[in-house]
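S.K.: Sequence and computational prediction follow.
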Amino acid sequence: MNMYCKGVRCLIKSRFYPKIKQNNKNYKYEITLSIGGNIGSKAQIIKRFNNLYFALTKDKRFFVLKSSPIIKNAAFGYTEQADFLNAILKLNTSLYAGEILKIMQNYEKKFGRKRSFKNAPRTLDIDLVNFSAKTKQSQRLRLPHPQAHTRLSVILPLALIGEIL
């Protein structure tokens, strides 16, 4: 395994990962979300990912454009925890970045996310990675995501759907 793939264990396909649709011109912005989780069995985590995908397709504020295959990779930061499953979602929306952040945090709570410490194990983590190539710097949100370009859990799923940061 070369140094660029260190920590990647395997690729996983599921019901909604990967999927690709045509761009929906009725929305103003294109966003990239990174999703991940490592609490529960592989089947439970994939079920959460599928449920999130389904919820977002039913949420009229969003149009799901693409989803990557799911990758299994080693934890980083706090490494004394289970491997993560990660994927990318590309969406269209007309919402602003701050609104999206609040909505995604609500989805995290819905799927059992507890915030105990930095890089802690989690049921579902949703990061807003990119927002129509716009930049934003606030205490709550930095765009593009400041570490996305260094995380294999973002770079590889993007590459698998023909995207770059």
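M.R.: Here it is on my side, so go on.
S.K.: counting contacts, what elements does the helix or strand Pro157 falls within pack onto?
M.R.: Per DSSP states H and E, Pro157 falls inside helix 152-160. Contacts defined by 3 or more Cβ pairs under 8 Å, 6 or more residues apart in numbering; DSSP states H and E place helix 152-160 against strand 8-12, strand 29-37, strand 70-73, strand 84-93. The C-beta positions use only the backbone N, C-alpha and C, and glycine is treated the same way.
S.K.: Now with 6 Å, please.
M.R.: Applying 3 or more Cβ pairs under 6 Å, 6 or more residues apart in numbering; DSSP states H and E, one finds that helix 152-160 contacts strand 70-73, strand 84-93.
S.K.: could you dump these to TSV with mean neighbour count and distance to Ala133?
M.R.: Converted to TSV, these look like this (neighbours: other Cβ atoms under 10 Å; distance: least, Cβ to Cβ, whole Å):
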stretch	mean neighbour count	distance to Ala133
strand 70-73	23	24
strand 84-93	24	13
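S.K.: could those strands go into JSON lines alongside distance to Gln147?
M.R.: Formatted as JSON lines, these follow (distance: least, Cβ to Cβ, whole Å):
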{"stretch": "strand 70-73", "distance to Gln147": "14"}
{"stretch": "strand 84-93", "distance to Gln147": "13"}
